[in-house]
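Q: Predicted coordinates and the sequence they were generated for:
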Amino acid sequence: MNRKENIDFYTPTTVIRQPDGSVIARAGKPVALSHGDYIRTTEAGRILGLSQHRVEDLCNEGKLVEGKDWWRVGERGWLRIRRAAVLAMRGIAPP
């Protein structure tokens, strides 16, 4: 059975702060994303501009739905967060 996946493209931005206080923003290489991709809290934090602990707090507070948007590896393991849900929070991709 062929399964058609939704694939989006995400272009990460690199921000370079200058000594005079100005900022230079450059587009990185486009990355193809599958909606089935799961990422760790560190990468989710980079995308959202938050710390990995704050991303965990968002999951525990219910901002991201457990079982749909994220799941925990083992009882006390790392979180795996659906990349599409993180991009939707950022406003980059549709939920």
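A: Arrived safely. Numbering: from 1, shown residues only.

Q: so where do the helices sit in this structure?
A: Assignment of helices within the chain using DSSP state H yields the ranges 41-48, 52-61, 83-90.

Q: I'd like the C-alpha coordinates of the first one written as PDB, please.
A: Once non-C-alpha atoms are left out, helix 41-48 reads as follows in PDB (Å, rounded to 0.1, in the frame of the first residue of the first chain):
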ATOM      1  CA  THR A  41      13.200  19.300  23.100                       C
ATOM      2  CA  THR A  42      16.600  20.800  22.300                       C
ATOM      3  CA  GLU A  43      15.700  21.200  18.600                       C
ATOM      4  CA  ALA A  44      12.200  22.300  19.400                       C
ATOM      5  CA  GLY A  45      13.600  25.000  21.700                       C
ATOM      6  CA  ARG A  46      15.900  26.200  18.900                       C
ATOM      7  CA  ILE A  47      12.900  26.500  16.500                       C
ATOM      8  CA  LEU A  48      10.800  28.300  19.100                       C
END
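
Q: buried ones in that helix?
A: Judged by neighbour count using 16 or more other CB atoms under 10 Å, the buried positions of helix 41-48 are 41, 44-45, 47. C-betas here are computed from N, CA, C, even on glycine.

Q: Kindly reformat those residues as a markdown table containing distance to Gly28 and pLDDT.
A: Below are the buried residues of helix 41-48 laid out as a markdown table (distance: CB to CB, whole Å; pLDDT from 0 to 100):
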| residue | distance to Gly28 | pLDDT |
| --- | --- | --- |
| Thr41 | 21 | 89 |
| Ala44 | 17 | 90 |
| Gly45 | 17 | 90 |
| Ile47 | 12 | 88 |
